[in-house]
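Undergrad: Okay, predicted coordinates and the sequence, questions at the end:
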Amino acid sequence: MFNQHHRNLHQQFFQIVAKKAQLLELLEELCQLQIQLLQFQFLRFRLHLLQQNKRSQPLQNQQDGEDGFL
């Protein structure tokens, strides 16, 4: 009876470890998606700044990259 209980505990332990591994994989995927979202938001913000810059200085001829944003 003790051996059966011991086996059950081992089985539960390994199930917990497997679930934890799955959770860590999902957490890693979530972090990657959050990084991609932040990159997208940053690029959108840069585009907004560039558009604002072009509206405020329509007569000045600037080449891409000279305004410090690219």
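TA: Here it is on my side, so go on.
Undergrad: so what's Asn8 up against?
TA: Contact partners of Asn8, counting by C-beta atoms under 8 Å, 6 or more residues apart in numbering, are absent. The way it works is simple: take the backbone N, C-alpha and C, and place the C-beta from them, glycine included.
Undergrad: how distant is the helix or strand it falls within from the center of its chain?
TA: Assigned by DSSP states H and E, Asn8 falls within helix 2-56. In terms of C-alpha atoms, centre = their mean, to the nearest Å, the centre of helix 2-56 is found 7 Å from the chain centre.
Undergrad: pLDDT on it, on average?
TA: What helix 2-56 shows for mean pLDDT is 96.
Undergrad: Neighbours of Leu50, how many?
TA: 15 (other C-beta atoms under 10 Å).
Undergrad: From Arg44, how far out is it?
TA: Distance, Leu50 to Arg44, by C-beta to C-beta, to the nearest Å: 11 Å.
Undergrad: Check Gln12 too.
TA: Computed as C-beta to C-beta, the Gln12 to Arg44 distance reads 47 Å.
Undergrad: What of Asn8?
TA: Asn8 is 53 Å from Arg44, by C-beta to C-beta.
Undergrad: what's the answer for Gln32, then?
TA: Distance from Gln32 to Arg44, by C-beta to C-beta: 19 Å.
Undergrad: Then Gln36?
TA: Gln36 sits 13 Å away from Arg44, going by C-beta to C-beta.
Undergrad: cool, and Gln52?
TA: Note on Gln52: its distance to Arg44, by C-beta to C-beta, is 13 Å.
Undergrad: do Gln34 as well
TA: Counting by C-beta to C-beta, the gap from Gln34 to Arg44 is 15 Å.
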